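# I would like the atomic coordinates for the input below:
(one chain, ligands or ions: 2)
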Amino acid sequence: MKFNKKVEDVLNKQINAEFWSSFLYLSMSSWFETKGLKGFANWMRVQYLEETTHAIKLTDYIIARGGQVKLAALDKVPLEWKSITDSFEETYKHECKVTEMISNCYEVAFAERDHATANMLQWFINEQTEEEQNVINIIDQLKLIGENGQAIYLLDKELATRVFVDATKTAV
Ligand SMILES: [Fe+2]
Ligand SMILES: [Fe+2]
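Numbering: from 1, shown residues only. Ligands and ions are numbered 1, 2, ... in the order given. Purely as a prediction, here's the structure:
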């Protein structure tokens with residue numbers, strides 16, 4: 001079946017959003033580095049890598065379907081945040097927006113009767129649930145410890161253990 005134009009468009013927009021996300025998290029990671037919070041920086045660096053793989057996963061899919069990958073310029077990302085909690089609250093808000101976008105991609109694919117794409121997007125739907133949950137867990141911990149120096153030091157140690165898993169190597 002010929003690749004549907006509306007589906008191609010919405011997936012190209014999603015690639016842009018995934019790359020924007022990766023820039024956002026690399027920016028946050030760099031901000032944490034300047035604060036000496038290496039563990040938080042690592043967590044965000046992993047997040048950055050994951051987002052690039054989301055973009056690549058969609059790129060590979062468009063190519064596999066015989067569509068055209070259309071990369072576009074990225075909007076500027078923020079460079080600093082008011083507090084650690086603020087950066088994670090921004091992360092949560094952003095991930096909710098991405099979840100909405102993925103749902104929209106799914107709805108377009110379904111309306112165009114492109115069930116292969118709808119099926120591929122299931123991976124992203126599950127991924128979003130996981131991402132939102134991970135961020136909520138960190139926000140909950142930050143609320144508990146209230147950005148107290150010693151507790152932040154311990155949380156930083158914990159976040160330093162996050163390891164990147166390449167999503168392009170897992171089954172769709
Ligand atoms: Fe993503
Ligand atoms: Fe994400």
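# so whichever residue of the chain sits closest to ligand 1 is in which element?
Taking Cβ to the ion as the measure, the chain has residue 54 as its residue closest to ligand 1, at 3.7 Å. Where you see a C-beta, it was placed from the backbone N, CA and C, and this is true even at glycine. Using DSSP states H and E, residue 54 sits within helix 38-64.
# repeat for residue 76
Here residue 76 is assigned to no helix or strand, by DSSP H and E.
# relative to residue 26, how far out is it?
To residue 26, residue 76 is 13 Å away according to Cβ to Cβ, to the nearest Å.
# before we move on, what SS does the nearest residue to residue 108 once chain neighbours are set aside have?
Excluding the flanking residues, the one nearest residue 108 by Cβ to Cβ, 6 or more residues apart in numbering is residue 10, at 4.8 Å. Following DSSP: H, G, I helix; E, B strand; the rest coil, the label given to residue 10 is helix.
# what about residue 10, neighbour count?
Look at residue 10: counted by other Cβ atoms under 10 Å, it has 19 neighbours.
# that one against residue 110, yeah?
No. Between residue 10 and residue 110 there is no contact under Cβ atoms under 8 Å: 11.5 Å.
# near ligand 1, which residues of the chain?
18, 51, 54 (Cβ under 5 Å from the ion).
# isn't the second one up against residue 17?
No. Applying Cβ under 8 Å, one finds residue 51 not in contact with residue 17, separated by 9.2 Å.
# roughly how far apart are the most centrally placed residue in the chain and residue 5?
Taking Cα atoms, centre = their mean, the centroid of the chain lies closest to residue 51, which sits 4.5 Å from it. Computed as Cβ to Cβ, the residue 51 to residue 5 distance reads 26 Å.
# skipping adjacent residues, who's closest to residue 75 in space?
residue 20 (6.4 Å).
# give me the pLDDT for that neighbour.
Residue 20 carries a pLDDT value of 98.
# ok so, going back, got the angle for the next helix or strand after the helix holding residue 54 vs helix 38-64?
Sequence-wise, the next helix or strand downstream of helix 38-64 (DSSP H and E) is helix 84-111. Computed with axes from the mean of the first three to the mean of the last three Cα atoms, to 10 degrees, the direction of helix 84-111 lies at 10 degrees from that of helix 38-64.
# list the buried residues of helix 84-111.
Judged by neighbour count (16 or more other Cβ atoms under 10 Å), helix 84-111 contains these buried residues: 84-85, 87-92, 94-95, 98-99, 101-102, 105-106, 108-109.
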